[in-house]
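*Asks:* Give me a 3D structure for the following:
(4 chains)
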There are 2 protein chains.
Amino acid sequence: MCGTDDGRVTSDSQIALTRLAGLLADGTRAAFCLALLDGRAWTAGELARHAGVAPSTASEHLSRLVAGGVLAEEHQGRHRYIRLADPAVAQLIEDMAAHDPPAASPPGTLRVAGARRALAFARTCYDHIAGRLGVAIADALSSRGLLERRAGFAFTEAGTAWLDDVLGGLPGVTGRRPLARQCLDWTERRPHLAGAAGAALCRHALDQGWVTRIGSGRALAVGPAGAEAFSRLLDIDAAALRLSLDGGGA
Amino acid sequence: MCGTDDGRVTSDSQIALTRLAGLLADGTRAAFCLALLDGRAWTAGELARHAGVAPSTASEHLSRLVAGGVLAEEHQGRHRYIRLADPAVAQLIEDMAAHDPPAASPPGTLRVAGARRALAFARTCYDHIAGRLGVAIADALSSRGLLERRAGFAFTEAGTAWLDDVLGGLPGVTGRRPLARQCLDWTERRPHLAGAAGAALCRHALDQGWVTRIGSGRALAVGPAGAEAFSRLLDIDAAALRLSLDGGGA
DNA sequence: GCGACACTTCGGCGACGGCCGCAATGTGCG
DNA sequence: CGCACATTGCGGCCGTCGCCGAAGTGTCGC
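*Replies:* Next up, the predicted model:
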């Protein structure tokens, strides 16, 4: 009404700012976004349970967040997979969450960055291994002729044998879940191995102590046994992977 | 209720995120913040008029923004000067305002950064010159023995003569407004010349075409005449000032 | 000291928005 | 083909929040 000052520009920006801020100003929606910072694509139901609201409530929130460009969705069967729209949004959310009120938050402010670093290295995605390690695994399988990139992922004959050997048996393909599926990473922007094989591999890695969960989140740590195993089976140097992350992503 | 996932960290972050987002989710508060992106310290009344709300409404909003660490205030007499709390907040607000909804904002997205660059170089602050140029003027006056830093700013005898010479007369010190006052810059974090002399100098610079307003905002451009004048009078190289900004602040 | 002025506090009004439950839709799976 | 389940759409309730006007406090300037 009054602002002859900055005119049109301010007006546009104002709409954009309030729109985005309004989307994040709700506790439930904020909980969704923060949960999604782990890089996974959650289902609507998971998010609803996580935030402690009814599925219908979550559904509405998610629709608004998607419409607002904060989240992106992907329908697969009867599930609706939700992820952050893009890394810029993730950065923005982290920045905002890290902003301190003047006299508050004595502890636990720096943890976000550290946690994200860990997540960028290795984490679970649904039930398989993602992050830099997950991408490295897919790359190694691919370069060794065990996995083919055609319309997703597909194990070669040698790949199936390898899998059988490593896991001590092939994962049952009971349902309609394919043995291999590719899953795109938010941090890496490259595909990693999902599907029944990805899940079995992840379970195996956890069972064997190759990787262990960090805290209660999705982040994974690679232990000595894991470093040895990934090196022997796929020629992956996990330590170098982590180092390159520390060097590059500070 | 359900979130055993990320536990405490998420909970803390969630509060911080919703708190900050909630502050920016209101149109009036957003208008305040965007107006303050120009680096000035506005008074509460100015902001109220700018946003088109009653002073009482503005007062409440400002109190909340200050309490939330978004804005900072400084009481001077019967005025309450408001500025952005720190550059990080400014950056955050710009980032948020620049975030596009999926299908919107065809034009005018990059303007923010450019405008801010211009503002960092030279702008008006109330009625005097601020930004890098403003600081340079104060520095030059000081180093030439024309201005003393004691409890604010004070012109020396030589300084008063210089002022009289440049302006063709001393500014009238009718009210209680001091001839020289120091004013702290948000972008530069260093003081520049305010008060009656600062205002007179700014008016003179505008009158003489040394500087001209860019658009309808607070940003100033230094013309050839200005470059010559600032060089002759104070040995300030305006072109170098601007270049150093372009080089350093990309 | 006395008006003018900037700002703040308070009470109340109105609207927006989040939450739920219920019913409907569409998809896997036997 | 039919059940189970994930998700969505639709009222309806209720709390929160932004807005204002009026009254109060402190400062400026004569």
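
*Asks:* By mean pLDDT, flag the weakest helix or strand of chain A.
*Replies:* Within chain A, no helix or strand scores below helix A:111-121, which has a mean of 53 by mean pLDDT, DSSP states H and E.

*Asks:* can you pull out the strands in chain A?
*Replies:* Counting by DSSP state E, chain A has strands at residues A:42-43, A:71-76, A:79-84, A:123-125, A:128-130, A:147-149, A:153-155, A:181-184, A:191-194, A:211-213, A:220-222.

*Asks:* out of these, nearest to A:Gly169?
*Replies:* Smallest distance to A:Gly169 across the strands of chain A (Cβ to Cβ): 14.3 Å, for strand A:153-155. In short, each C-beta sits where N, CA and C put it, glycine included.

*Asks:* strands paired with the closest one, and their directions?
*Replies:* When pairs are called by DSSP bridges, strand A:153-155 turns out to pair with strand A:147-149 (antiparallel).

*Asks:* If you average the pLDDT over the strand it pairs with, what comes out?
*Replies:* Strand A:147-149 shows a mean pLDDT of 86.

*Asks:* quick one: buried residues of that strand?
*Replies:* Neighbour counts over strand A:147-149 (16 or more other Cβ atoms under 10 Å in any protein chain shown) mark A:Leu147 as buried.

*Asks:* pLDDT below threshold where in chain A?
*Replies:* Along chain A, segments meeting pLDDT under 70 span A:1-11, A:39, A:87, A:101-120, A:125-126, A:151-152, A:172-177, A:184-189, A:214-218, A:241-250.

*Asks:* okay, now the domains of it?
*Replies:* Per automatic domain parsing, the domain ranges recorded for chain A read A:7-99, A:119-248.

*Asks:* Any chance of those in JSON lines with distance to DNA strand D as columns?
*Replies:* Converted to JSON lines, those look like this (distance: least, Cβ to the nearest atom of the strand, whole Å):
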{"stretch": "domain A:7-99", "distance to DNA strand D": "2"}
{"stretch": "domain A:119-248", "distance to DNA strand D": "12"}
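
*Asks:* Highest mean neighbour count out of the ones you listed?
*Replies:* domain A:7-99 (a mean of 19; mean count of other Cβ atoms under 10 Å in any protein chain shown).

*Asks:* residues in contact with the closest residue to A:Trp210 other than its chain neighbours?
*Replies:* Counting by Cβ to Cβ, 6 or more residues apart in numbering or on different chains, A:Trp210 lies nearest to A:Gly226, which is 3.3 Å off, once chain neighbours are set aside. When contacts are counted by Cβ atoms under 8 Å, 6 or more residues apart in numbering or on different chains, A:Gly226 touches A:205, A:208-211, A:238.

*Asks:* For DNA strand C, state which of those is nearest.
*Replies:* Proximity of those to DNA strand C (Cβ to the nearest atom of the strand) peaks at A:Ala205, which lies at 23.9 Å.

*Asks:* Nearest residue to that closest one in space, ignoring adjacent ones along the chain?
*Replies:* A:Val211 (4.8 Å).

*Asks:* again, but for A:Leu233
*Replies:* Closest to A:Leu233 by Cβ to Cβ, 6+ apart is A:Val166, at 6.1 Å.

*Asks:* pretty sure that neighbour is in contact with A:Phe230, am I right?
*Replies:* No. If you go by Cβ atoms under 8 Å, A:Val166 and A:Phe230 don't touch, sitting 11.0 Å apart.

*Asks:* if we can go back for a sec, what's the closest of the domains of chain A to B:Glu94?
*Replies:* domain A:7-99 (8.5 Å).

*Asks:* now the helices for chain A?
*Replies:* Along chain A, counting by DSSP state H, helices occupy A:7-24, A:27-36, A:44-51, A:55-67, A:87-98, A:111-121, A:131-143, A:157-167, A:195-207, A:224-234, A:238-248.

*Asks:* And the ones you listed: which comes nearest B:Gly198?
*Replies:* Nearest to B:Gly198, of these and by Cβ to Cβ, is helix A:7-24 at 25.8 Å.

*Asks:* what's the closest one packed up against?
*Replies:* helix A:27-36, helix B:7-24, helix B:27-36, helix B:87-98, helix B:111-121 (3 or more Cβ pairs under 8 Å, 6 or more residues apart in numbering or on different chains; DSSP states H and E).

*Asks:* can you tell if the longest one touches DNA strand C?
*Replies:* No. Using Cβ under 7 Å from any atom of the strand as the criterion, no contacts between helix B:7-24 and DNA strand C are found, and the smallest distance is 10.4 Å.

*Asks:* mind saving the C-alpha coords of that helix as PDB?
*Replies:* Backbone C-alpha positions of helix B:7-24 (Å, rounded to 0.1, in the frame of the first residue of the first chain) are rendered in PDB as follows:
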ATOM      1  CA  GLY B   7      15.700 -38.400  18.000                       C
ATOM      2  CA  ARG B   8      16.700 -35.300  19.800                       C
ATOM      3  CA  VAL B   9      18.600 -33.600  17.100                       C
ATOM      4  CA  THR B  10      15.700 -33.500  14.800                       C
ATOM      5  CA  SER B  11      13.500 -32.200  17.600                       C
ATOM      6  CA  ASP B  12      15.900 -29.300  18.300                       C
ATOM      7  CA  SER B  13      16.300 -28.500  14.700                       C
ATOM      8  CA  GLN B  14      12.600 -28.700  14.200                       C
ATOM      9  CA  ILE B  15      11.900 -26.000  16.800                       C
ATOM     10  CA  ALA B  16      14.600 -23.800  15.300                       C
ATOM     11  CA  LEU B  17      13.300 -24.200  11.800                       C
ATOM     12  CA  THR B  18       9.700 -23.600  12.600                       C
ATOM     13  CA  ARG B  19      10.500 -20.700  14.800                       C
ATOM     14  CA  LEU B  20      12.600 -18.900  12.100                       C
ATOM     15  CA  ALA B  21      10.300 -19.900   9.300                       C
ATOM     16  CA  GLY B  22       7.300 -18.700  11.300                       C
ATOM     17  CA  LEU B  23       8.900 -15.300  11.700                       C
ATOM     18  CA  LEU B  24       9.300 -14.900   8.000                       C
END
